[in-house]
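*Asks:* just coords:
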């Protein structure tokens, strides 16, 4: 006996016209509400959104992308996702993107220019509607690809060559100055400074700021040791262990980013020295772990959530007004004094 095959009708996709009928408005009104055009009366907009919820309408992003020749996706390209700073930056960007009906694709370059170029090429080929970039170096040829493709772009955290478009940057020279002045005021004469890859403008500017403050305070230049390490905590850990093993070890250490700060903290613990009694530490970036340890870490804090939010808001504006005047935002760091810095007792 043959079984009869029952045909199962797939549920029909809810269309914009169905939402319009449910709300008693035109499809143009529905479109304006869903695109946040801001030209629909609030009570009418709420009626449309209630119809969207009632009908379970899902916008057709593919069709919309074809009409606009752009997808509803941003590429967020960062240099080191293992750094808590970038995790917090991405989270604040995603919050704004999601609230505006957009998605993000996270790309981690690992400070590699070739990887950065491939991510940018993908953003262009996939017709993404925007890019937020923390560049692997100041070289501007990669960003020029985005400019030529007329993809809305915001450079955040690091300068890029001759790029004159939208940017949200930190005053990194001031980061170095704040760290140096804090240690100088506590009488430190021998300081180890650890920096990440020198290709990044953040590294170079913090180096300049620290060195300038040290020189202005008439400190002995031989008492300042500036070391470039890799982007991983292990590099900072090894450099710190080596410095602490010397006959005249540093009385204070400055770590120029969050990952390096973790490496230094671990190395000091492993050496058996106490903070701040034997050696002071001032780190960078107010990551969660810095208040979960004892002693808690003195550091230079960046307003990272503000930077991410402002970058995302600028990108939204640039998508609507591609030829408007560029925004150049510079935010300031702050010193958070906790328990790992004190006055020197070394001869």
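*Replies:* Looks like it arrived, so ask away. This is a predicted model, so every value here is computed, not measured.
*Asks:* center of the protein - which residue?
*Replies:* With distances taken as CA atoms, centre = their mean, the residue of the chain nearest its centroid is residue 89 (3.6 Å).
*Asks:* so what's it closest to, chain neighbours aside?
*Replies:* In space, and not counting its chain neighbours, residue 89 is closest to residue 308: 4.5 Å by CB to CB, 6 or more residues apart in numbering. C-betas here are computed from N, CA, C, even on glycine.
*Asks:* the one you found: neighbouring residues, count only.
*Replies:* 25 (other CB atoms under 10 Å).
*Asks:* so what touches the strand or helix carrying the residue nearest to the centre of the chain?
*Replies:* Assigning secondary structure by DSSP states H and E places residue 89 in helix 84-99. Here helix 84-99 makes contact (CB atoms under 8 Å, 6 or more residues apart in numbering) with 74, 76, 78-81, 103-104, 106, 132, 134, 156-157, 257-259, 285, 287-289, 302, 304-309, 311-313, 316.
*Asks:* which strands and helices sit next to the strand or helix carrying residue 238?
*Replies:* Residue 238 belongs to helix 233-244 when assigned by DSSP H and E. Applying 3 or more CB pairs under 8 Å, 6 or more residues apart in numbering; DSSP states H and E, one finds that helix 233-244 contacts strand 191-195, strand 224-228, strand 252-255, helix 258-271.
*Asks:* tell me the most buried of these?
*Replies:* Most buried of the helices and strands packed on helix 233-244 by mean neighbour count (mean count of other CB atoms under 10 Å) is strand 252-255; its value is a mean of 31.
*Asks:* quick one: strands adjacent to that strand?
*Replies:* strand 191-195 (parallel), strand 280-284 (parallel) (DSSP bridges).
*Asks:* before we move on, back to that, for the residue nearest to residue 89, give its distance to residue 80.
*Replies:* Look at residue 308 and residue 80: by CB to CB, to the nearest Å, they are 15 Å apart.
*Asks:* ok, now residue 237?
*Replies:* 16 Å.
*Asks:* all helices of the stretch 101-250 of the chain, in order?
*Replies:* Counting by DSSP state H, counting those that start in this stretch, the stretch 101-250 of the chain has helices at residues 113-125, 141-148, 172-185, 201-216, 233-244.
*Asks:* what about residue 102, how many residues nearby?
*Replies:* 21.
*Asks:* nearest residue to it other than its sequence neighbours?
*Replies:* residue 72 (5.3 Å).
*Asks:* does that neighbour really touch residue 103, like I thought?
*Replies:* Yes. Using CB atoms under 8 Å, residue 72 is in contact with residue 103, at 6.4 Å.
*Asks:* which of the two has more neighbours?
*Replies:* residue 72 (18 against 13).
*Asks:* burial count for residue 25?
*Replies:* 19.
*Asks:* repeat for residue 79
*Replies:* Residues near residue 79, counting by other CB under 10 Å: 28.
*Asks:* which intervals of this protein have sub-threshold pLDDT?
*Replies:* For the chain, the stretches with pLDDT under 70 are 1-13, 35-39, 58-70, 199, 345-347.
*Asks:* 50 instead?
*Replies:* Low-confidence segments of the chain, defined by pLDDT under 50: 1-10, 66-67.
*Asks:* got a list of what the residue nearest to residue 89 touches?
*Replies:* Residue 308 neighbours (CB under 8 Å, 6+ apart): 88, 89, 90, 91, 92, 93, 96, 156.
*Asks:* buried subset of those?
*Replies:* Buried members of the contacts of residue 308, counted by 16 or more other CB atoms under 10 Å: 88, 89, 90, 92, 93, 96, 156.
*Asks:* tell me which two in these are the farthest apart.
*Replies:* 88 and 96 (13.6 Å; CB to CB).
*Asks:* before we move on, back to that, now the helices of the stretch 101-250 of the chain as CSV including mean neighbour count and distance to residue 224?
*Replies:* Below are these laid out as CSV (neighbours: other CB atoms under 10 Å; distance: least, CB to CB, whole Å):
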stretch, mean neighbour count, distance to residue 224
helix 113-125, 17, 30
helix 141-148, 17, 34
helix 172-185, 22, 9
helix 201-216, 20, 5
helix 233-244, 20, 12
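*Asks:* please identify which of those is closest to residue 327.
*Replies:* helix 141-148 (15.4 Å).
*Asks:* got the angle between the closest one and helix 113-125?
*Replies:* Using axes from the mean of the first three to the mean of the last three CA atoms, to 10 degrees, the inter-axis angle of helix 141-148 relative to helix 113-125 is 10 degrees.
*Asks:* ok, residues contacting helix 141-148?
*Replies:* 113, 116-117, 120-121, 123-124, 131, 133, 135, 153, 155, 160-161, 163, 165.
*Asks:* if you set the cut-off to 10 Å instead, what comes out?
*Replies:* 75, 77, 109, 113-114, 116-121, 123-124, 128, 130-131, 133, 135-136, 140, 151-153, 155, 160-165 (CB atoms under 10 Å, 6 or more residues apart in numbering).
*Asks:* before we move on, the earlier item: how much space separates the residue nearest to residue 102 from residue 315?
*Replies:* 13 Å.
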